[in-house]
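Visitor: Dropping a prediction and its sequence here:
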Amino acid sequence: MGRIAFLTDRSLLDALPAIQSLGLDVKTEPLAADSVAHLPELEPSVLMADAEGDPGHTFQLLGALPPSLAGVPVVVVVARSDLETLPWATVADELLFSSTPPAELRVRLAMLDRRSVGGGDSVLRLGPLSLDTDGYRALVTGRPLDLTYKEFELLKYLMLHPDRVSTRSELLQNVWGYNFYGGTRTVDVHIRRLRAKLGPEHEDLIQTVRGVGYAAGLPRRPYCPITRPSWTSGYSTVSTIREGIEMHLRWLRSACPPVALLASICLLGGSVASASPQAKVKQFAIPTLDSRPYSITSGPDGNLYFTESDGDKIGRITPTGKIHEFDLPHPDSEPYGITLGPDGNLWFTERFGNRIGRMTTSHEFTEYVVPTPDAQPWDITALPDGTFWFTEENVDQLGVLDQQGVITEYPLTPGVFPTSIATGPDGNVWFTEEIGNAIGRLNPADPSKIKLFTVPTEQSLPWDISPGPDGKLWFTELAGRNIGRITTRGHVREFPVPGELGIAGITAASDGRMWFTENDTSKVGSITLRGHVRKIYDTGSYPFGISGGPDGNVWFCVGLGNAIGRVRLS
């Protein structure tokens, strides 16, 4: 065993007498933040911490270890009376008492060394998470994780590179084995699934670096890093300076939300106006920080309603930009799709709540459980007969909720990822198969009759779908860089859109065009019914859902910008 770094304010004789008789290389450091910051310089193979004097202080220090120590086993010396006062399993791999005898200490350290990365090449460890790469087993605080092959491989790659940020493209190439152009959506889906299986207590072991990618590392909530590049370095215009400010705010939101909130108020004034010269785009900040708005629709009362996937809320915004939020009945529901029903209520999916929800205009909620566990209902559409059809992305199914509140499910081909869904002008249900690279049509009178139409561009990742004013359906391609149009007979035509990947939402608007969002490039634009792309405006980071509003304008969700955007048409 290599060097042991021991954080303690006592002598070794008082903290752990047995360790002196083992002839180990032990370096003691005070129980202080400065000591923690310099621990990597000691290159320890084991880290020990004394929690007998002030367990709360020691727990906080261990929760903020430097990223480079993510794979180092942690041992805590704790008083028997404090065994259950704090969740030690979230910050440590082993517990000892100061009275532990030498023989027991030697065996415990040997077992710890065997379990650690250094002691066994097949086991990766990150705090309470361990991954046996030979046996394909994953444990978090001793609890087995039921991971798919790709989930396991993705987690393994992140743990092999602790605290190094991996871009989505890098993860696709190294985990999926090929450069899946535009498939960043696939990475996001698998990250979400991994976090769900880790559970709320440990989901932060996989960290999001806004606008960059993902990293595996121990959460460092107690501290807010303050060193960043110059705010204006490399920016020469008002618009680019503003982009720089928004970039730094995105970093602050992930590093220190309280500071981000203050900075947003001071620097951007609460609501963010577009930098486009036409000044037609305006954004309205959502009160709940990092709520990640996803989908938006017109309501029955002249307002618009939207889902807050990370905020577990349904939001309402007036045509003048005033926002009110309504908490869902259950936490961690993650609402996604939303639509207005023929009954005048708002209906929505709860992705991780595995429910279909209804909200009345008086803000009363009713929920219906999806029969298949972990189905992850995604998008939803209403039919004139009062039924609601929705996609179940995680289990490759479509579901329908009838007027009696009964849900029936219909399986699709495994692995196709049904995503968005819409009611067509022909009365049929139309949906996208993201990985299946097809547009589907289902006859609600006979759900067994499903017809699939292949998208010409391979691996295009068809995403959103919406009926147009021309009696056809229009869809976006996340990877194909096209806007697609399909007739009710299934004839598909694609129209190229200049720029980069990531065309996401689409909707019909009052100007007779189809409007769309580009989440990878943070833009919103329009396309005529003849397929000519018109003005494209800059938006906040990662716009997602989009809808024509009752006021004649276009409204959209700014996912990572935490705002609702408006393009003024009227």
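Guide: Arrived safely, thanks for sending.
Visitor: residues near Thr381, how many?
Guide: Summarising burial for Thr381: neighbours were counted as other Cβ atoms under 10 Å, giving 24. To be clear about C-beta, it is placed using only N, CA and C from the backbone, and glycine gets the same treatment.
Visitor: what do you get for Ser35?
Guide: Neighbours around Ser35, by other Cβ under 10 Å: 16.
Visitor: per-residue confidence at Ile536?
Guide: Looking at Ile536, its pLDDT is 83.
Visitor: Flag every buried residue along the longest strand along the chain.
Guide: Counting by DSSP state E, the longest strand found in the chain is strand 446-454. When burial is assessed from 16 or more other Cβ atoms under 10 Å, strand 446-454 yields the following buried residues: 450, 452-453.
Visitor: what would the residues you listed look like in TSV with distance to Asp188 and pLDDT?
Guide: Formatted as TSV, the buried residues of strand 446-454 follow (distance: Cβ to Cβ, whole Å; pLDDT from 0 to 100):
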residue	distance to Asp188	pLDDT
Ile450	27	94
Leu452	24	97
Phe453	26	98
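Visitor: Turn the residues you listed into JSON lines, columns for distance to Arg568.
Guide: Below are the buried residues of strand 446-454 laid out as JSON lines (distance: Cβ to Cβ, whole Å):
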{"residue": "Ile450", "distance to Arg568": "40"}
{"residue": "Leu452", "distance to Arg568": "39"}
{"residue": "Phe453", "distance to Arg568": "36"}
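Visitor: So which of those residues is the closest to Leu12?
Guide: Leu452 (69.8 Å; Cβ to Cβ).
Visitor: Could I get the full set of helices for the stretch 251-400 of the chain?
Guide: 257-268 (DSSP state H, counting those that start in this stretch).
Visitor: Low-confidence regions, it specifically.
Guide: 251-279 (pLDDT under 70).
Visitor: Tell me where it has strands.
Guide: 281-285, 293-298, 304-308, 313-317, 323-327, 335-340, 346-350, 355-359, 365-369, 377-382, 388-392, 397-401 (DSSP state E, counting those that start in this stretch).
Visitor: what's the second one in contact with?
Guide: Contacts to strand 293-298, defined as Cβ atoms under 8 Å, 6 or more residues apart in numbering, come from residues 286, 304-309, 315, 335-340, 346, 348, 379, 544-550, 555-559, 562-564.
Visitor: Domain map for this protein?
Guide: If you go by automatic domain parsing, the domain ranges for the chain are 4-120, 126-216, 284-567.
Visitor: how far does the shortest one stretch from start to finish?
Guide: Right, domain 126-216. 8 Å (Cα to Cα, to the nearest Å).
Visitor: need the contact list for the residue nearest to Phe352 when sequence neighbours are not counted.
Guide: Once flanking residues are discounted, Phe352 sits nearest to Glu334: 4.3 Å by Cβ to Cβ, 6 or more residues apart in numbering. By Cβ under 8 Å, 6+ apart, the residues touching Glu334 are 309-310, 312, 350-353.
Visitor: Check Glu434 too.
Guide: Glu434 makes contact with 185, 393, 416-419, 461-463, 478 under the criterion Cβ under 8 Å, 6+ apart.
Visitor: Now it: phi and psi?
Guide: When read as degrees, to the nearest 10, the backbone of Glu434 gives phi -60, psi -50.
Visitor: Verify the stated contact: Arg292 with Ala563.
Guide: No - if you go by Cβ atoms under 8 Å, Arg292 and Ala563 don't touch, sitting 10.9 Å apart.
Visitor: more neighbours, these two?
Guide: Comparing Arg292 with Ala563 by other Cβ under 10 Å, the one with more neighbours is Ala563, at 27 against 20.
Visitor: what about the closest residue to that one other than its chain neighbours, how many neighbours?
Guide: Spatial nearest neighbour of Ala563, chain neighbours left out: Gln283 (4.1 Å); criterion: Cβ to Cβ, 6+ apart. Residues lying near Gln283 (other Cβ under 10 Å) number 22.
Visitor: Tell me what Gln283 is bridged to.
Guide: Going by DSSP bridges, Gln283 is paired in beta bridges with Gly565.
Visitor: Alright, that wraps it up for me.
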